[in-house]
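**Student:** Quick one, structure for this:
(chains A and B)
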There are 2 protein chains.
Amino acid sequence: MMRTQPLKVALLGCGVVGSEVARIMTTHATDLAARIGAPVELAGVGVRRAGRERPGIDPQLFTTDSESLVKRDDIDVVVEVIGGIEPARTLILTAMEHGASVVSANKALLAEDGATLHAAAAKYGVDLYYEASVAGAIPLLRPLRESLAGDKVNRVLGIVNGTTNFILDRMDSTGAGFAEALDEATQLGYAEADPTADIEGFDAAAKAAILAGLAFHTRVTAADVYREGITEVTAADVASAKSMDSVVKLLAICERSADGTSVSARVHPAMIPRSHPLASVREAYNAVFVESEAAGSLMFYGPGAGGAPTASAVLGDLVAVCRNKLSETTGPGESAYANLEVRPVGQAVTRYHLNLDVADKPGVLAAVAAVFAKHDVSIDTVRQQGRDGDATLVIVTHSATDAALSATVDELRGLDIVRDIAGIMRVEGE
Amino acid sequence: MMRTQPLKVALLGCGVVGSEVARIMTTHATDLAARIGAPVELAGVGVRRAGRERPGIDPQLFTTDSESLVKRDDIDVVVEVIGGIEPARTLILTAMEHGASVVSANKALLAEDGATLHAAAAKYGVDLYYEASVAGAIPLLRPLRESLAGDKVNRVLGIVNGTTNFILDRMDSTGAGFAEALDEATQLGYAEADPTADIEGFDAAAKAAILAGLAFHTRVTAADVYREGITEVTAADVASAKSMDSVVKLLAICERSADGTSVSARVHPAMIPRSHPLASVREAYNAVFVESEAAGSLMFYGPGAGGAPTASAVLGDLVAVCRNKLSETTGPGESAYANLEVRPVGQAVTRYHLNLDVADKPGVLAAVAAVFAKHDVSIDTVRQQGRDGDATLVIVTHSATDAALSATVDELRGLDIVRDIAGIMRVEGE
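**Tutor:** Numbers count the residues shown, from 1 in each chain, chains lettered A, B, ... in the order given. Take a look at the predicted model:
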C-alpha cells in the first residue's frame, strides 16, 4: 500500500518552529511515512538570509528565493511558518495557484485575510490547514471544525496567549506590578524583545477571530474583535481580585447572542473566581473552554506556544494534507454558511468590578446607587471599606453593556463625593 | 455546491443516545446539510422491540429487522448505538459489505474485535468512525488519530469512566464506603441497575484498549489490558489517601516502555496528589492527559457520558463520513503499523502505597525494610503511627514492578511481626 515516490514539502521560514519541523521530519521519517502512506521529503527551505547554520538540515536546501520555491511543479505541500502578513500571503497564494496544499501557523494572516486564502484553496482544489495558529499544540481547530461539526457551539472562552498569562500569573503569585512581571517574562524568554503583540492583546485577538469563525461558521476578522491588553492591569487590580478570591486573566471570549442571530468576539483582562478551571492555568500554558448545546462544556489544555509544541500541530496538519493529496481529495474547507452578524462589544453584556474612592459620609451609597440605576446597571454586591474620613466601595454589577457601564462611570466621575474610580474590570466565569 | 439528493442514514438502536441522535438530525437539519454539503435523511431505525413511542420520530421508520435495514442499497451511513458484541458486529459487517460507512459508539466491540471491523472497512472502501466510544463528547480519538499524527505519544493517563469517578468522588467528599456511594450513584442515575461493567473496570479497560491502539499505532484489545475495579476500595483507603493529601481515582494508563519497544495498558484505582489536575475532576466528568514528545502534556476534559454529549460525538463523526462519501474518499483507517509488543502489567512499574499493621517494638522497621530490599523494591517514604503496642507503617515505594511488589507483600505476610497489610494501592501522577 505504501507509495515509494515521496511527497515533497517546501518549508517557508526556519526559525524556532521551522527548524523543529525540519528536525522531526528527519528523525521521524519512518513513522510519518507509515502514517501518511508515502515518504515525505523536505525539498526546499525558504529563508530571509542565507548562510546561517541550521544543524541537521542539508545546506543545499536553503534558498532566499521563496517565490521560485513555491512555484516549483514538484512541491506537494508548502509549510508556512514565517508569520506576518507579507510576504506570507503572496507566497501562500502563489503556492496554491501552483497546486500545493498549505499548512500555516500564521494567526495574524488567517485572522486578517482568511477569506482570501480559503477562496484560493477552494479555487485551486488544495487544502489550507492551520491548527498551529491557535494555542500551539492543543488540538482545538480540528475539534471545532470536525468533532463538533454536528453540534451547536454557543461560547468559546479561553486563555490563548502564554506571555500574558505568565505575566498575570507572576503578578498574582508575587504581588509584582506589570512592568516588573514583564521584565521577568522577557528575561525567561516568555516575552519577545518587542512584546506589543502579546501585551496589547493583538495576538489573542487574532486567535479569537479564528476561533469565532470556526465556532460560528461565520467570517470574523481581527478587526471585528474588541481588544484590551494587560498593560493597564495594576498590582492593585490583582490584589483586589485576590480579596474577592478571584484572579485576573486575559480572556478571549467568543459568544453567540441569546437570540442566536449574532456573535461577538472580545479579548480583555477579566476577574474570574479562583474555583474556575481557567484560574488554575499557570505560567505560559493555554486552556480553552468550548460550550456547546449537546456536548456541554469541554476543556482543552496544554502548552500554547514554543517550537516543539507548535511543530507538533504543524506536523499533524502535514500528515492530514499529505493523506488528502494521496487520495486526491481535500479536507473540509471554509465553513461560513451561517453568516451571522458580528456585533461590536458595546452591545455585549458582562459583569463589572470597580473600586470607588468616596467621601465617607451618609447618603454616599444612595447617590452612587442612583447613578447605576439611572443607566440600568444593576448592582450585585457592594463592599464598603472605610478609612479616615474616606471610604472605598467595591462594587460588582450584574450583566450590563459596555456602553451602559461607561456612561455610569462617566457620570460617577462628575459627582463631588467620588474622589477616584479604579479597578474597572470585567468579571467572567460565574 | 449543495447536493439536493439526501444522504441516507440508518440508525441501529434508539435508546438514550439513539433518540438524541435522531432528535438532533431533525432539529439541526439545515446546519447539518450546510456543513456536509448535502441533506441527511434518517431512512430507518432498527430497534429490538417495535411499538414503543419515540416522540419526534416518524413511526414508519422503525423496524425490528435491522439486518434488512443495513442491507438496503440506498443506505449511505449506518449509525450503531446498540452496544455489546452481537448483533452489533454482524450488523456493522453486513452494512459495510453493502457499501455503508459506519459510525459506532460501541467501545466493547471496538476493544474486542476492532481489527475485524477495520479490515472490513478497508476491504469495502468505507469509513469506520467511533469518537463516541471513548469519553463521550470529549474529542479525543480525532486528536489522537489526526492532530498528533506527526508526533510521538508516550503516555495516555485518564479518568474515562464517569460512574466510578462519581462513586470515588462521593467517597472522598463524604467519607462514605463503597456500597453507600454506589447506592447514591444508582439513585441519581449515574450507575446502571447492573453496574458490573463500570465498577469492575471493564468499561474503562475497553476504552484503554482503544486509546492505546490509537496512541501507539499497535493493536491492543481489552484482553491485553490489566484490570482492577473499585469494589475493593474502602473508606479507609480513601481516608489514607486524604491523609497524604491525595485522592483515589480509577485511572486508565497506556504507556510506551522507556526503550520504546513495547507498550502496556492498565486500569486500576490509584492515589494521585490533590494538586494533580486529574484530582479535581469531580462527579461523573472525564478527563484525559496525553503526553507526547513534541506537544508535551495536553489535557482534554468534559462530560464522559450521557445521551446528548454522546450524540454530539456521533454527529461529529456522521458529518465527517458524509463529507467523505460526497467526495468519494475515506478518512484515515486503522493504523497499526508500529506493531509494538503489548506487555503484561507485571512488568509495568508504578509506585505503591501500603499500610502495615505491625507490632510496636524495636527492629520492626528494619525487618520490614529488609523484605522490601530483598525484592528490589525501594522505599520512598515511611510514616509510623503508634497506638497501644501496635503501630501502623504507611509506606510509599519508589517505582517497582507489580510482580516485585506482590512478592514483597507475600513475604511480609509471613512475618510474625506483621499483623495485617491493607491499603495496597498504586500511586500515580507525580
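
**Student:** any idea how far the residue of chain A most remote from its centre is from residue A:411?
**Tutor:** Here the centre of chain A is the reference, and by Cα atoms, centre = their mean the most remote residue is residue A:362, at 46.7 Å. Residue A:362 sits 21 Å away from residue A:411, going by Cβ to Cβ, to the nearest Å. For glycine as for every other residue, the C-beta is placed from the backbone atoms N, C-alpha and C.

**Student:** again with residue A:67
**Tutor:** From residue A:67 over to residue A:411 (counting by Cβ to Cβ), the distance is 58 Å.

**Student:** try residue A:174
**Tutor:** The value you get for residue A:174 to residue A:411, if Cβ to Cβ is used, is 37 Å.

**Student:** same deal with residue A:378?
**Tutor:** 16 Å.

**Student:** For those two, work out which one has more neighbours and name it.
**Tutor:** Neighbour totals were compared for residue A:378 and residue A:411, and residue A:411 leads with 15 against 12 (other Cβ atoms under 10 Å in any protein chain shown).

**Student:** got a list of what the more buried one touches?
**Tutor:** Residue A:411 makes contacts with A:371, A:374, A:375, as judged by Cβ atoms under 8 Å, 6 or more residues apart in numbering or on different chains.

**Student:** What sits closest to the last one if chain neighbours are left out?
**Tutor:** Ranked by Cβ to Cβ, 6 or more residues apart in numbering or on different chains and with sequence neighbours excluded, the top spatial neighbour of residue A:375 is residue A:408, at 4.4 Å.

**Student:** State the pLDDT value of the one you found.
**Tutor:** Predicted confidence (pLDDT) for residue A:408: 96.

**Student:** host element of it?
**Tutor:** Using DSSP states H and E, residue A:408 sits in helix A:402-413.

**Student:** buried stuff in whichever helix or strand comes after that helix?
**Tutor:** With elements assigned by DSSP H and E, the helix or strand that comes after helix A:402-413 is strand A:418-427. Within strand A:418-427, the residues that count as buried by 16 or more other Cβ atoms under 10 Å in any protein chain shown are A:418, A:421, A:423, A:424, A:425, A:426, A:427.

**Student:** and the stretch 151-300 of chain A, which of its residues are near chain B?
**Tutor:** A:151-152, A:217, A:277, A:280, A:292-300 (Cβ under 8 Å from any Cβ of the partner chain).

**Student:** Show the buried residues in those residues.
**Tutor:** A:151-152, A:217, A:277, A:292-300.

**Student:** Filter those down to just the ones in strands.
**Tutor:** A:292, A:296, A:297, A:298, A:299, A:300 (DSSP state E).

**Student:** pLDDT and distance to residue B:250 for these - can I get that in JSON lines?
**Tutor:** Output for those, formatted as JSON lines (pLDDT from 0 to 100; distance: Cβ to Cβ, whole Å):
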{"residue": "A:292", "pLDDT": "95", "distance to residue B:250": "27"}
{"residue": "A:296", "pLDDT": "94", "distance to residue B:250": "21"}
{"residue": "A:297", "pLDDT": "93", "distance to residue B:250": "22"}
{"residue": "A:298", "pLDDT": "95", "distance to residue B:250": "21"}
{"residue": "A:299", "pLDDT": "95", "distance to residue B:250": "20"}
{"residue": "A:300", "pLDDT": "95", "distance to residue B:250": "23"}
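
**Student:** just the residues you listed now: which is nearest residue B:254?
**Tutor:** When those are compared for distance to residue B:254 (Cβ to Cβ), residue A:300 wins out at 19.5 Å.

**Student:** Enumerate the beta-bridge partners assigned to the closest one.
**Tutor:** residue A:288, residue B:300 (DSSP bridges).

**Student:** related to what we said a few turns ago, from the buried ones among the residues of the stretch 151-300 of chain A next to chain B, which two are the most distant?
**Tutor:** A:217 and A:277 (26.5 Å).

**Student:** List the neighbouring strands of the lowest-mean-pLDDT helix or strand in chain A plus their orientation.
**Tutor:** Using mean pLDDT, DSSP states H and E, the weakest-scoring helix or strand in chain A turns out to be strand A:379-387, at a mean of 84. In the sheet, strand A:379-387 lines up against strand A:390-397 (antiparallel) (DSSP bridges).

**Student:** Buried ones in the strand it pairs with, by neighbour count?
**Tutor:** So strand A:390-397, judged by 16+ other Cβ under 10 Å, has buried residues A:391, A:392, A:393, A:394, A:395, A:396, A:397.

**Student:** do stretch A:187-195 as well
**Tutor:** Buried residues in stretch A:187-195 (16+ other Cβ under 10 Å): A:190, A:191, A:195.

**Student:** Format those residues as CSV; extra columns: pLDDT and secondary structure.
**Tutor:** Shown next, in CSV, are those (pLDDT from 0 to 100; DSSP: H, G, I helix; E, B strand; the rest coil):
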residue, pLDDT, secondary structure
A:190, 91, coil
A:191, 92, coil
A:195, 96, coil
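
**Student:** for those, which one is nearest residue B:105?
**Tutor:** residue A:190 (41.9 Å).

**Student:** For the closest one, give me its contacts.
**Tutor:** A:162, A:163, A:166, A:167, A:283, A:284.

**Student:** What subset of those is buried?
**Tutor:** Looks like the contacts of residue A:190 have A:162, A:163, A:166, A:167, A:284 buried, using 16+ other Cβ under 10 Å.

**Student:** Residue B:316: which of those is nearest?
**Tutor:** residue A:162 (28.2 Å).

**Student:** tell me the contacts of the residue nearest to that closest one when sequence neighbours are not counted?
**Tutor:** Nearest residue to residue A:162, sequence neighbours excluded (Cβ to Cβ, 6+ apart): residue A:284, at 3.4 Å. Residues near residue A:284 by Cβ under 8 Å, 6+ apart: A:162, A:163, A:165, A:166, A:190, A:303, A:304, A:305.

**Student:** all helices for chain A, in order.
**Tutor:** A:16-27, A:29-36, A:66-71, A:88-97, A:107-124, A:141-142, A:162-174, A:178-187, A:196-199, A:202-216, A:235-243, A:307-326, A:364-374, A:402-413 (DSSP state H).

**Student:** so which of those helices gets nearest residue B:316?
**Tutor:** Nearest to residue B:316, of the helices of chain A and by Cβ to Cβ, is helix A:141-142 at 10.5 Å.

**Student:** near chain B, anything from that closest one?
**Tutor:** Yes. Judged by Cβ under 8 Å from any Cβ, helix A:141-142 comes into contact with chain B at residue A:142.

**Student:** Now do the phi/psi pair for residue A:375.
**Tutor:** phi -100, psi 10 (degrees, to the nearest 10).

**Student:** confidence score at the residue lying closest to residue A:244 once chain neighbours are set aside?
**Tutor:** The shortest distance from residue A:244 to any non-neighbouring residue, by Cβ to Cβ, 6+ apart, is to residue A:271 (6.8 Å). Residue A:271 is assigned 96 on the pLDDT scale.

**Student:** In this structure residue A:271 contacts residue A:250, no?
**Tutor:** No. Between residue A:271 and residue A:250 there is no contact, the gap being 11.6 Å when judged by Cβ atoms under 8 Å.

**Student:** Who has more neighbours out of these two?
**Tutor:** residue A:271 (29 against 26).

**Student:** check contacts around that one.
**Tutor:** A:241, A:244, A:246, A:247, A:248, A:353, A:425, A:426, A:427, A:428.

**Student:** If you rank those by neighbours, which is first?
**Tutor:** Top of the contacts of residue A:271 by neighbour count (other Cβ under 10 Å): residue A:241, with 28 neighbours.

**Student:** so that residue sits right up against residue A:248, yeah?
**Tutor:** Yes. With contact defined as Cβ under 8 Å, residue A:241 counts as touching residue A:248 (5.0 Å).

**Student:** Skip the chain neighbours and tell me the closest residue to whichever residue of the stretch 1-150 of chain A sits closest to chain B.
**Tutor:** With Cβ to the nearest Cβ, the shortest gap between the stretch 1-150 of chain A and chain B falls at residue A:150, namely 2.3 Å. Computed as Cβ to Cβ, 6+ apart, the closest residue to residue A:150 that is not its neighbour in sequence is residue B:315, at 2.3 Å.
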